[in-house]
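Novice: Please find the sequence and the predicted model below.
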Amino acid sequence: MSACARKKRYRSRKQAAGAACRIMNRPGKPPKLYTYKCEECGKWHLTKRPPEESR
């Protein structure tokens with residue numbers, strides 16, 4: 001099973017960014033999240049890695 005298959009998939013960057021905002025607004029110390037388009041499935045995922053560190 002690929003890593004991509006285990007991740008939540010979003011249809012658009014806007015949808016992924018909305019999910020990231022909801023997660024980051026939870027109580028406690030949620031991680032800073034970033035979005036990226038997956039080369040494997042073509043959908044959008046969330047990551048803790050800043051864009052300059054990703055892929």
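Specialist: That came through, no problem.
Novice: Only C-alpha atoms from now on, for both contacts and neighbour counts.
Specialist: Noted.
Novice: Assign the spatially most central residue of the chain to helix, strand or coil.
Specialist: With distances taken as C-alpha atoms, centre = their mean, the chain has residue 46 as the residue nearest its mean C-alpha position (0.7 Å). Put simply, residue 46 is strand when judged by DSSP: H, G, I helix; E, B strand; the rest coil.
Novice: which residue packs closest to it, ignoring adjacent ones?
Specialist: Leaving aside its sequence neighbours, residue 46 sits nearest to residue 35 (C-alpha to C-alpha, 6 or more residues apart in numbering; 4.6 Å).
Novice: thought that neighbour was touching residue 50?
Specialist: No. Assessed by C-alpha atoms under 8 Å, residue 35 is found out of contact with residue 50, at 9.0 Å.
Novice: got the contact list for the residue nearest to the centre of the chain?
Specialist: Residue 46 makes contact with 8, 16, 20, 33-36, according to C-alpha atoms under 8 Å, 6 or more residues apart in numbering.
Novice: run the last query once more with 10 Å
Specialist: Residues near residue 46 by C-alpha atoms under 10 Å, 6 or more residues apart in numbering: 7-10, 13, 16-17, 19-20, 32-38.
Novice: Centre of the chain to stretch 6-21, how far?
Specialist: What separates the centre of stretch 6-21 from the centre of its chain is 6 Å, taken as C-alpha atoms, centre = their mean, to the nearest Å.
Novice: still on that earlier bit, what's near enough to touch the residue nearest to residue 46?
Specialist: Neighbours of residue 35 in contact, by C-alpha under 10 Å, 6+ apart: 10, 12-20, 44-51.
Novice: Return the subset of those lying in strands.
Specialist: Among the contacts of residue 35, the members falling in strands (DSSP state E) are 44-47.
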